[in-house]
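Enquirer: return atomic coordinates for the entry below.
(one chain, ligands or ions: 1)
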Amino acid sequence: MYLKELEILGFKSFAKKANLKFNFPISAIVGPNGSGKSNIAEAFRFVLGEQSFKSMRGKRGEDLIFSGTPTLPRQSRASVKLVFDNSRKILPVDFEDVTLERIVHRDGINQYIINGSEVRLKDLIELLASANIGSSGHHIISQGEADRILSSSPKERKTMLEDALGLKIFQYKKVESERKLIKTEENIKQVQSLRREIAPHIKFLKKQVEKIEEGEKLKGTLLTFYKEYLKTETEYLKSKKAELGKNIDGPQKRLREIATEIAAAEKLTQNQTHHDLTIKIKDLENQISSITKEKEDLLKEDGRIEGQLSSLTRLIEKQKAEDKSVSLTKSELNEIKNKIEDLDKESAGASDVAILREVVKKIINFVKEFLISKIAGHGPVDEMQAEVEKCRERKEEINSALDSIKNRESFCREEIKNLRQKLDQDKSSSLAAEKKIVTLMSEKNDIQQEISKHSIAIDTLNRDETAFKQELTEAVVLVGREVLNYESAPISVESPEISREEQLEKRKKLERLKIRVEESAGGVVSEDVLREYKDASERDEFLAREIEDLEKSSISLKSLIEELGQKIETKFHEGVAKINNEFQKFFELMFGGGTAGIKVIKTEIRRRKETDLSFDEGDLESAPEEEEEPEEGIDIKVNLPRKKINGLMMLSGGERALTSIALLFAISQVNPPPFIILDETDAALDEANSRKYGDMIENLSKSSQLILITHNRETMSRAGVLYGVTMIGGASQLLSVAFDEGTQWAK
Ligand code: ATP
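Expert: Sure, this is the predicted structure:
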């Protein structure tokens, strides 16, 4: 027994709570026309999640709620509860009893509740499908629909059989899987498109990051290089500083000594003796000049006196010879004549008396001298003798003066000679001092040059030290504080001085490296870019994983769909074969012979290429072309005993009902549903057939619980309980009648 209880409140004609307990395999619901019996069957459909209002004889939710009578108020909601005995776990939930409840409100809102918890319709449908229960289908046959299976299309029949064979859950799962697959494929596309969208950004960021990494690498190289450079440089500066501090003392001391030595040597060169000697020599040389002049004058006078003496001697001789006459010689006359002509010329140009007087004076003197000479020559010999004497005296004076002069001259010359010797001696010592000064000056010059070089070197060192400090600051900015540990660089600086050139080369290389590092930074805010790249690539990886997962689930969905398809196919064909067998049996039972069977047929139909599941309104507009596709359906063939009929259309109403019942029972026999509700399926049966029907019902009730709405007394007699429904004041009311009582009541 699966069904325990049905509680109806406010549903259709049930204004008040009605409670039906299903404690027997067969329960019958009886009552007059219009009392509300079919509303109970619909209450089942309703609580099992039926969405078609038509199948509940309504147009909207509101139609299902008690609409009120003049004496009874209308209800605001309709609710139906169905209690299952789940001790055999027919429903896959871990409860002994499972209560399903559906409530519909006047505003059309529906609530679905399983064991007090509100759920989605989907959850309810899934739960029921797993127990081969549906809101409609073979196990709830509405009034007048007994032969529906005969009048349906082959395709509809196939659907009914699939439901009856419990394939609905698989179909549902298959459809669900196909829907999920479509969704998954869509998601794959979406995620792929997302990946494509972010790909250029990631590519750009990657380039940036590579640039940054390259920069970091370069920074690392620069750091190592910097450390080596700075260590070498600092060693060089240290050694240079020590060297320059030491060197300056010696040369400066020497410079001071040189100054003293030069001063001493200069004193030697500035000696007065030399000067004095030179002056003395000059003085003596001047004396010799004046002595020479004096001597020349004396010699001239001596000559002249000599001449005068000889002249006087001749005159005396001549006087003595020519004692009486005085005559003029031709030359004397010419002399006079020439003198007169000269004086005449001189007087002729004279305009001044003084000049004339001078000319006259000259004439007088000439005449006087001439006459004196004439007369003297002709003077007395004594006078001339006296004159000779005078001359001789004068000559002796001259001779003695000349002797004295000669003595003086030789003295001077001797003196000069001595002085020159002394001067020569002086000169040689001064020369030595000068030479020394020159040497000292050269040494001084050298030392000064050395000192100047030293000072230049100090300046250079200072500049190098400043540059070193600047370099260090710059290095910290470029490669961080780690560079300050440059002393730890694993290089040994053997001779800073020797490697200086190498160091300068390194310096150039360092500058080039610095430029590259600065360029590689390129204004990029590396932290932000790295973070952004990390985020973006993490997102990309996440999306890639997402695609991978989606693809995996797409593959497993495809295989699940395939599996389910095969399962449905196999179970369907197996089921159809079994039903076919059972159909034959039931048919024979019903008609006392004849043959009946069902088979799967294929019909050609035009349909869209894609399955309807994938379409939405938008898709329909661009739906692919139609094509013919074979479709499966169920064909029914019957042969009545002793009758020759062609097709189902030729059956009478009763025959149709019997055939339908035979098929329905066959179906139910193959895959018994937990319960079957039959609403006046037996309406068209005559007495004999009603008995057969009753027998089959009893047989069927062994595997499925039966709820039968009937006016048929035979059917009623087979029920364990009868529920009587009456309509009182526009509302249905329920009364249950015990089996025996019921049978009695039925008869
Ligand atoms: P029969 O034996 O003739 O098939 P029945 O017992 O099956 O009759 P139902 O069809 O179940 O009767 O009940 C129909 C009755 O229910 C009608 O009288 C109808 O007025 C009533 N009914 C249907 N919907 C509502 C509603 N929303 N509110 C009140 N009464 C309703």
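Enquirer: only C-alpha atoms from now on, for both contacts and neighbour counts.
Expert: Will do.
Enquirer: just give the number of residues close to the residue of the stretch 151-300 of the chain found nearest the ligand.
Expert: Proximity of the stretch 151-300 of the chain to the ligand (CA to the nearest ligand atom) peaks at Ser151, 21.2 Å away. Using other CA atoms under 10 Å, the number of residues around Ser151 comes to 15.
Enquirer: now stretch 336-346: buried residues?
Expert: Lys339 (16 or more other CA atoms under 10 Å).
Enquirer: going forward, the N-terminal residue is numbered 615.
Expert: Will do, 615 is the new start, and the previous item becomes stretch 950-960.
Enquirer: I figured Leu832 was touching Val1131, is that so?
Expert: Yes - with contacts counted by CA atoms under 8 Å, Leu832 reaches Val1131, the gap being 6.1 Å.
Enquirer: those two: who's more crowded?
Expert: Val1131 (23 against 19).
Enquirer: the residue lying closest to that one once chain neighbours are set aside is in what secondary structure piece?
Expert: Nearest non-adjacent residue to Val1131, counting by CA to CA, 6 or more residues apart in numbering: Gly829, 5.7 Å away. In the assignment (DSSP states H and E), Gly829 maps to helix 782-861.
Enquirer: after that helix comes which helix or strand?
Expert: helix 863-883.
Enquirer: now what about that following helix, what contacts it?
Expert: Helix 863-883 is contacted by residues 1043-1045, 1047-1048, 1050-1051, 1054-1055, 1057-1058, 1061-1062, 1064-1065 when judged by CA atoms under 8 Å, 6 or more residues apart in numbering.
Enquirer: near the ligand, which residues of the protein?
Expert: 626-627, 646-653, 677-682 (CA under 6 Å from any ligand atom).
Enquirer: and the residue nearest to Leu912 when sequence neighbours are not counted, what helix or strand is that in?
Expert: Spatial nearest neighbour of Leu912, chain neighbours left out: Ile1012 (6.0 Å); criterion: CA to CA, 6+ apart. Taking DSSP H and E as the definition, one finds Ile1012 inside helix 995-1093.
Enquirer: which stretches of the stretch 1115-1264 of the chain have low pLDDT?
Expert: Applying pLDDT under 70 to the stretch 1115-1264 of the chain picks out residues 1135-1139, 1218-1242, 1260.
Enquirer: again, 90 this time
Expert: Applying pLDDT under 90 to the stretch 1115-1264 of the chain flags residues 1115-1121, 1124, 1127-1145, 1147-1148, 1151, 1203-1207, 1216-1246, 1254-1264.
Enquirer: quick one: the strands in it?
Expert: Along the stretch 1115-1264 of the chain, counting by DSSP state E, counting those that start in this stretch, strands occupy 1209-1222, 1240-1253.
Enquirer: and the ones you listed as TSV, adding mean neighbour count?
Expert: TSV is the format used below for the strands of the stretch 1115-1264 of the chain (neighbours: other CA atoms under 10 Å):
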stretch	mean neighbour count
strand 1209-1222	16
strand 1240-1253	16
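Enquirer: can you redo these as a markdown table with distance to Ser925?
Expert: Shown next, in a markdown table, are the strands of the stretch 1115-1264 of the chain (distance: least, CA to CA, whole Å):
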| stretch | distance to Ser925 |
| --- | --- |
| strand 1209-1222 | 185 |
| strand 1240-1253 | 185 |
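Enquirer: what's the closest of those to Glu1162?
Expert: Of all the strands of the stretch 1115-1264 of the chain, it is strand 1209-1222 that lies closest to Glu1162, at 31.4 Å by CA to CA.
Enquirer: filter the contacts of helix 863-883 down to the buried ones.
Expert: Using 16+ other CA under 10 Å, the buried ones in these are 1044, 1047-1048, 1050-1051, 1054-1055, 1058, 1061, 1064-1065.
Enquirer: Val1252 and the ligand: what is the separation?
Expert: 30 Å (CA to the nearest ligand atom, to the nearest Å).
Enquirer: residues in contact with that residue?
Expert: Val1252 touches 1208-1211, 1261-1262, counting by CA under 8 Å, 6+ apart.
Enquirer: quick one: the host helix or strand of Ile727 to chain centroid distance?
Expert: Assessed by DSSP H and E, Ile727 sits inside strand 724-728. Its chain's C-alpha centre and that of strand 724-728 lie 55 Å apart, by CA atoms, centre = their mean, to the nearest Å.
Enquirer: moving C-terminal of it, what's the next helix or strand?
Expert: strand 731-733.
Enquirer: by contact count, what packs against the helix or strand just after that following strand?
Expert: Tracing the chain past strand 731-733, the next element assigned as helix or strand by DSSP H and E is helix 735-743. When contacts are defined as 3 or more CA pairs under 8 Å, 6 or more residues apart in numbering; DSSP states H and E, helix 735-743 packs onto strand 724-728, helix 782-861.
Enquirer: quick one, phi/psi of Gln1347?
Expert: phi -130, psi 150 (degrees, to the nearest 10).
Enquirer: what's the local residue count around Gln725?
Expert: 15.
Enquirer: who does the residue nearest to it when sequence neighbours are not counted form a beta bridge with?
Expert: Leaving aside its sequence neighbours, Gln725 sits nearest to Ile717 (CA to CA, 6+ apart; 5.1 Å). Using DSSP bridges, the bridge partners assigned to Ile717 are Ser693, Gln725.
Enquirer: before we move on, the earlier item: for the buried ones among the contacts of helix 863-883, give me a markdown table that also has pLDDT.
Expert: Formatted as a markdown table, the buried ones among the contacts of helix 863-883 follow (pLDDT from 0 to 100):
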| residue | pLDDT |
| --- | --- |
| Ser1044 | 80 |
| Ala1047 | 85 |
| Glu1048 | 86 |
| Lys1050 | 88 |
| Ile1051 | 89 |
| Leu1054 | 91 |
| Met1055 | 91 |
| Lys1058 | 90 |
| Ile1061 | 88 |
| Glu1064 | 84 |
| Ile1065 | 84 |
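Enquirer: for this protein, what helix or strand is lowest in average pLDDT?
Expert: Least confident helix or strand, the chain: helix 1231-1235 with a mean of 44, by mean pLDDT, DSSP states H and E.
Enquirer: return the residues in contact with the closest residue to the ligand within the stretch 1115-1264 of the chain.
Expert: Closest residue of the stretch 1115-1264 of the chain to the ligand, CA to the nearest ligand atom: Met1204 (25.1 Å). Residues near Met1204 by CA under 8 Å, 6+ apart: 1272-1273, 1276, 1303, 1306-1307.
Enquirer: just to revisit the earlier point, relative to Ser1173, which of the strands of the stretch 1115-1264 of the chain is closest?
Expert: Smallest distance to Ser1173 across these (CA to CA): 22.7 Å, for strand 1240-1253.
Enquirer: run through the bridge partners of the residue nearest to Ile754 when sequence neighbours are not counted.
Expert: In space, and not counting its chain neighbours, Ile754 is closest to Ile1291: 4.6 Å by CA to CA, 6+ apart. Note on Ile1291: beta-bridge partners by DSSP bridges are Ile754, Ile1321.
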